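Enquirer: Just a sequence and a predicted model for now, questions to come.
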Amino acid sequence: MINENVVNNLSNATRTSDIFAYIIDVNNNSVYTFLFNPESKSFSREAKYIEAVTALTSTPSQQYFYTSGLTLQLSNLLLESYNRDKTCKSLLQSLQGLMVANPIDGKYTPTPVTFKWGVDSFGPAVITNLDWVETSWLNGEVASARVNLTLLEIPDASNQPTNTVPSNPPNRKLTDRQKIDASSKAQSWLKSNINKLTDNAAALVRTNSYKLLTYDDGVVVMVDTKNVIVGIVGRYVDGKLFTNNNTLTKSRQ
């Protein structure tokens with residue numbers, strides 16, 4: 001039995017037909033129109049936590065790391081032009097074009113896009129995964145395919161406060177050289193701010209009884225000699241170490 005009280009508090013929606021989904025770029029230009037509407041939309045989001053040592057207990061504390069952007073997965077999208085004696089190759093090429101950069105045109109990262117379907121929208125986002133299976137061909141060119149598409153929500157730069165710590169672009173991992181530079185900057189920061197650190201972190205720095213780990217997304221953490229995470233030092237972005245999210249200073253405890 002449905003809860004009528006809940007239903008009555010829901011917003012009204014209009015039944016419509018012939019409304020097709022499409023993708024637009026940051027300039028509001030249509031860059032892809034779906035041949036068939038999605039059969040389903042799957043969403044996911046994850047809050048990241050890291051374990052940190054807790055005194056006098058075997059249960060580690062959980063320190064908030066960050067919350068990932070919302071992910072939209074469009075699975076089993078249908079491309080079918082065989083019965084019309086046409087190839088849908090250009091549609092696949094258009095989707096691939098949204099995932100790559102073109103430095104020749106001054107485009108060093110893929111263009112953010114927004115998925116729109118009627119009054120609903122998802123974005124700005126980047127396409128992080130695209131795969132398809134071809135099932136029929138005309139003279140060797142694809143005429144039927146099933147496509148899986150994943151979009152990852154990214155922050156809207158126009159709505160970000162000026163003191164927000166930037167993040168590395170989605171799926172762009174730090175190089176080994178960048179990780180070395182991040183650890184070096186983190187070590188310098190720890191030594192320069194040792195009086196501000198918690199007693200545990202300060203003791204580790206004074207005795208050099210710690211290591212620094214730099215993750216692919218630029219986050220640098222301190223671990224003790226037993227490889228237990230002590231806390232976050234900061235985030236390395238574009239050659240700089242931002243410590244707004246550190247968890248090692250006394251004021252953050």
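Expert: Sure, I can see it.
Enquirer: Please count neighbours and contacts with C-alpha atoms only from this point.
Expert: Will do.
Enquirer: Angles on the backbone of residue 92, please.
Expert: The phi/psi pair for residue 92 (degrees, to the nearest 10) reads phi -70, psi -40.
Enquirer: tell me which residues of stretch 72-91 are tucked away?
Expert: By 16 or more other CA atoms under 10 Å, the buried positions in stretch 72-91 come out as 72-82, 87-89.
Enquirer: packing partners for the strand ranked longest in the chain?
Expert: Identified as the longest strand of the chain according to DSSP state E is strand 120-138. On a contact count with 3 or more CA pairs under 8 Å, 6 or more residues apart in numbering; DSSP states H and E, strand 120-138 meets strand 113-117, strand 141-153.
Enquirer: Dump those strands to TSV, plus mean neighbour count, mean pLDDT and distance to residue 249.
Expert: Below are the helices and strands packed on strand 120-138 laid out as TSV (neighbours: other CA atoms under 10 Å; pLDDT from 0 to 100; distance: least, CA to CA, whole Å):
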stretch	mean neighbour count	mean pLDDT	distance to residue 249
strand 113-117	20	95	39
strand 141-153	19	96	31
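Enquirer: Export the ones you listed as a markdown table, with columns for distance to residue 176.
Expert: Below are the helices and strands packed on strand 120-138 laid out as a markdown table (distance: least, CA to CA, whole Å):
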| stretch | distance to residue 176 |
| --- | --- |
| strand 113-117 | 30 |
| strand 141-153 | 25 |
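Enquirer: Quick one: closest of these to residue 47.
Expert: strand 141-153 (14.2 Å; CA to CA).
Enquirer: ok, then the element right after that closest one?
Expert: helix 176-192 (DSSP states H and E).
Enquirer: Okay, domains of the protein per the record?
Expert: Domain segmentation of the chain under automatic domain parsing yields 20-52+65-156, 176-252.
Enquirer: hey, which of the ones you listed is tucked in deepest?
Expert: domain 176-252 (a mean of 18; mean count of other CA atoms under 10 Å).
Enquirer: Which two among the buried residues of stretch 72-91 are spaced furthest apart?
Expert: Most distant of these, by CA to CA, are 72 and 82, 28.5 Å apart.
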